[in-house]
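Chemist: Sharing a sequence plus its predicted fold:
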Amino acid sequence: MKTIPRWTLVAALTLFALPGRADAPPGRFVATNGTVADTLTTLEWQQVDDDAYRTQDVARTYCNGLTLGGSSDWRLPTVKELLTLVNHELTPSSPSIEPVFTGTDNEVYWSTTPLAGSASKAWGVFFGPGEATNGSVSNAARVRCVR
């Protein structure tokens, strides 16, 4: 049986523990009229959340009824979409989200992504550490809509 040298294993584990990405390149996020266009993903985001806490169903209804920046086709994002906003290069006391999203708190924001095997849990992004997390869909969390 072949063994892997200990230092190789440590180096491999260290590599996978690095942050997901650095600051967005200049010009990636463009704020206009209460919205933020992401030029990389082509998604458009609600720039400032309204400080309200909602269950997942109420969050979905809120986004589907939102009219912002002249558009009314807003929706609740997937967890993968929300994670594109994470910025791990910010100071620990700041939310791990691109600074163009002013007023974001170190809170969990809902996504539409269900937790596999559970009808009562879904994923969200906790912008304090910038990580995906899951919880009961009846819990209250923040909302940032996308289109």
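Modeler: Looks like it arrived, so ask away.

Chemist: going forward, measure contacts between C-alpha atoms and count neighbours the same way
Modeler: OK.

Chemist: Would you map the helices across this protein?
Modeler: 6-16, 56-65, 79-83 (DSSP state H).

Chemist: So which other helices or strands are in contact with the second one?
Modeler: Counting contacts by 3 or more Cα pairs under 8 Å, 6 or more residues apart in numbering; DSSP states H and E, helix 56-65 packs against strand 108-114.

Chemist: ok now the strand it packs on, how far from the chain's centre?
Modeler: 8 Å (Cα atoms, centre = their mean, to the nearest Å).

Chemist: go on, stretch 113-129?
Modeler: Its chain's average C-alpha position is 11 Å from that of stretch 113-129, according to Cα atoms, centre = their mean.

Chemist: Please apply the same query to stretch 47-58.
Modeler: Worked out by Cα atoms, centre = their mean, stretch 47-58 lies 13 Å from the chain centre.

Chemist: residues making contact with it?
Modeler: Applying Cα atoms under 8 Å, 6 or more residues apart in numbering, the contact partners of stretch 47-58 are 31, 34-36, 100-104, 110-112, 137-144.

Chemist: which stretch in the helices of the chain has the least confidence?
Modeler: When the helices of the chain are compared on mean pLDDT, helix 6-16 scores lowest, with a mean of 33.

Chemist: unless I'm mixing things up, Glu107 is touching Ala141, no?
Modeler: Yes. Taking Cα atoms under 8 Å as the definition, Glu107 is a contact partner of Ala141 at 7.4 Å.

Chemist: Looking at the two, which one has more neighbours?
Modeler: Neighbours of Glu107 and Ala141, each counted by other Cα atoms under 10 Å, are more numerous for Ala141; the result is 22 against 18.

Chemist: quick one: contacts for that one?
Modeler: By Cα under 8 Å, 6+ apart, the neighbours of Ala141 are 52-56, 107-110.

Chemist: Which residue, other than its chain neighbours, is closest to it?
Modeler: Among residues not flanking Ala141 along the chain, Tyr53 sits closest, at 4.8 Å (Cα to Cα, 6 or more residues apart in numbering).

Chemist: how close does the one you found get to Ala116?
Modeler: Per Cα to Cα, to the nearest Å, Tyr53 is found 24 Å from Ala116.

Chemist: before we move on, back to that, between the contacts of Ala141, which is nearest Thr67?
Modeler: Distance to Thr67 across these (Cα to Cα) is lowest for Ala52, with 16.6 Å.
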